[in-house]
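In: heads up, no residue letters with this:
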């Protein structure tokens, strides 16, 4: 995994695969982020303890279905999500569009995390800066750093991850050790109440983009069983442990404001943790978003795009989202993500494991260490079924929106696939 070749347009050979332990650490590190803590705190402030845990379980189950299925495919084929999507229904252009959707979601996350950064700066200045100016300063600074000095941001991850764990565990200890710890389980929500379906969709939306790109990591797994363990271990630590801790702390402090939570329990160390954690997350969000957009735009228009200029433009858009109040619509943002992304995963899973449209070509080329020689230009059935699934998730008011969108898209694509196979069989007869 240390090779300079990231195998972005080829299979990862067995000689370049990594150990189960190393890959698991990367995945766990990605899931145990400030964003995940924000999801748990939001649930804890808007649901009873039991409801929040049940929502976490249901949302996590959906994430595991997506992560496990795509992770196995990625490990078996040695392909990234964008390449896998080409031969899982979407075709060349369709897979590029999937990349664009992922890039846009990362831009939304940049806006959310930049708002957290701005709140921390405003708090540190004693309110002198104001949220709007603090957002502009935070967004502009990070955009310039990512555009011109991405490597210089590497130190933040080395400090932020252990510091975040330490502060969160200290916050939990300081609350649980309090004589009133038994009162952490109130019967009614402390904030605006969330339904079980909305809570589960929010949990799913909190990491659904990460679940969709699971093959980007598991393609480095040496076996399918390694991919299974990677997804399970990260789910337990990233979803259940971090979410449960955040739920408890939010109940105790009666707020879902992460800046307030960490500064009340850990003082300036907690504030520094929020700042470093948002820098760590947002350098990834903006860098990955700009990289995906450059790749997609160049693939669509066959023209060279400046990543530096696009990074600055995307950073400005993300900063504008912060100023406009995307953090205040955090739950809505998560629910939208939790409805749009599951259909993409559902189509890919059905195509790869059930219909096996391109499995013969994948198997034959895998034996040679190559990619299939041909692919469709654009998979209209896959795109249409994704749109149908997302519409069902957004418009159907019953059940869990994320699950509804996944099942609707997967079922529609399965039926369309069966009809196409039957039609082709009749033509040959």
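Out: Happy to help now that I have it. What you see is a predicted model, and the numbers here were worked out from it, not measured in a lab.
In: Let me see the backbone angles for residue 303.
Out: Backbone torsions of residue 303, given as degrees, to the nearest 10, read phi -130, psi 150.
In: Could you find the closest non-adjacent residue to it?
Out: Closest residue to residue 303 apart from its sequence neighbours, by C-beta to C-beta, 6 or more residues apart in numbering: residue 297 at 7.6 Å. Placement of C-beta: from N, CA and C, glycine included.
In: from the chain's centre, how far out does the host helix or strand of the one you found sit?
Out: In this assignment (DSSP states H and E), residue 297 forms part of helix 258-301. Distance of helix 258-301 from the chain centroid (C-alpha atoms, centre = their mean, to the nearest Å) equals 12 Å.
In: Flag every buried residue along stretch 30-50.
Out: Within stretch 30-50, the residues scored as buried using 16 or more other C-beta atoms under 10 Å are 30-49.
In: just for this protein, where's the confidence low?
Out: For the chain, the stretches with pLDDT under 70 are 1-6, 149-158, 178-187, 291, 429.
In: From what I see, residue 170 and residue 265 are in contact.
Out: Yes: assessed by C-beta atoms under 8 Å, residue 170 is found in contact with residue 265 at 6.9 Å.
In: ok, now how distant is residue 220 from residue 214?
Out: Distance, residue 220 to residue 214, using C-beta to C-beta, to the nearest Å: 11 Å.
In: Neighbour count: the two, which is higher?
Out: Per other C-beta atoms under 10 Å, whichever of residue 220 and residue 214 has more neighbours is residue 214, with 27 against 23.
In: hmm, who's touching stretch 386-401?
Out: With contact meaning C-beta atoms under 8 Å, 6 or more residues apart in numbering, stretch 386-401 is reached by 58, 62, 196-198, 200-201, 335, 338-340, 342-344, 346-347, 402, 404-410, 412.
In: Check which residues of it are buried.
Out: 386, 388-390, 392-393, 400-401.
In: if we can go back for a sec, tell me how many other residues surround the residue nearest to residue 303.
Out: Neighbours around residue 297, by other C-beta under 10 Å: 17.
In: is it true that it touches residue 305?
Out: Yes: when contacts are counted by C-beta under 8 Å, residue 297 is listed as touching residue 305 (5.1 Å).
In: coming back round to it: got the buried residues of stretch 386-401 as a markdown table, with distance to residue 106 and secondary structure columns?
Out: Below are the buried residues of stretch 386-401 laid out as a markdown table (distance: C-beta to C-beta, whole Å; DSSP: H, G, I helix; E, B strand; the rest coil):
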| residue | distance to residue 106 | secondary structure |
| --- | --- | --- |
| 386 | 19 | helix |
| 388 | 25 | helix |
| 389 | 21 | helix |
| 390 | 18 | helix |
| 392 | 25 | helix |
| 393 | 20 | helix |
| 400 | 24 | coil |
| 401 | 21 | helix |
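In: re the thing from before, could you flag which of the contacts of stretch 386-401 are buried?
Out: The buried subset of the contacts of stretch 386-401 (16+ other C-beta under 10 Å) comprises 58, 62, 197-198, 200-201, 335, 338-340, 342-344, 346-347, 402, 404-410, 412.
In: quick one: which of these sit in helices?
Out: If you go by DSSP state H, those have 58, 62, 197-198, 200-201, 335, 338-340, 342-344, 346-347, 402, 404-410, 412 in helices.
In: Mind putting the buried residues of stretch 386-401 into JSON lines with distance to residue 241?
Out: Shown next, in JSON lines, are these (distance: C-beta to C-beta, whole Å):
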{"residue": "386", "distance to residue 241": "32"}
{"residue": "388", "distance to residue 241": "36"}
{"residue": "389", "distance to residue 241": "31"}
{"residue": "390", "distance to residue 241": "31"}
{"residue": "392", "distance to residue 241": "32"}
{"residue": "393", "distance to residue 241": "28"}
{"residue": "400", "distance to residue 241": "23"}
{"residue": "401", "distance to residue 241": "25"}
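In: for residue 252, helix, strand, or coil?
Out: Following DSSP: H, G, I helix; E, B strand; the rest coil, residue 252 is assigned to helix.
In: gap between it and residue 47?
Out: Residue 252 is 15 Å from residue 47, by C-beta to C-beta.
In: So what does residue 130 look like in phi/psi?
Out: phi 80, psi 150.
In: Over to residue 33?
Out: According to degrees, to the nearest 10, residue 33 has phi -110, psi 170.
In: was I right about it contacting residue 281?
Out: Yes: using C-beta under 8 Å, residue 33 is in contact with residue 281, at 5.7 Å.
In: what sits against residue 333?
Out: Residue 333 neighbours (C-beta under 8 Å, 6+ apart): 108, 112, 205, 326.
In: Which of those fall in helices?
Out: 108, 112, 205.
In: For the first one, list the residues it contacts.
Out: So the one you mean is residue 108. 318, 321, 326, 333, 337.
In: For these, pick the one with the most neighbours.
Out: Of the contacts of residue 108, with other C-beta under 10 Å as the count, residue 318 tops at 28 neighbours.
In: Which secondary structure element is home to the closest residue to that one other than its chain neighbours?
Out: Distances taken as C-beta to C-beta, 6+ apart place residue 110 nearest to residue 318, at 3.7 Å, with adjacent residues excluded. Assigned by DSSP H and E, residue 110 belongs to helix 91-124.
In: And for the helix or strand containing residue 249, what's in contact with it?
Out: Using DSSP H and E, residue 249 maps to helix 242-253. Residues outside helix 242-253 that contact it (C-beta under 8 Å, 6+ apart) are 31-32, 36-45, 49, 52-53, 56, 168-169, 171-172, 175-176, 178, 181, 184-186, 190, 203, 256, 260-261, 264-265.
In: Would you mark the buried spots in stretch 207-223?
Out: 207-221.
In: scratch that, stretch 50-61
Out: Neighbour counts over stretch 50-61 (16+ other C-beta under 10 Å) mark 51-53, 55-56, 58-61 as buried.
In: Please tabulate those in TSV, including the columns distance to residue 232.
Out: What follows is these, written out as TSV (distance: C-beta to C-beta, whole Å):
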residue	distance to residue 232
51	24
52	22
53	18
55	20
56	16
58	17
59	16
60	11
61	12
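In: Can you tell me which of the residues you listed is nearest residue 293?
Out: residue 59 (27.9 Å; C-beta to C-beta).
In: Contacts only, for residue 288.
Out: 103, 106.
In: That one and residue 215, how far apart?
Out: 15 Å.
In: between the helix holding residue 297 and helix 242-253, how many degrees?
Out: Orientation check (axes from the mean of the first three to the mean of the last three C-alpha atoms, to 10 degrees): helix 258-301 against helix 242-253 gives 140 degrees.
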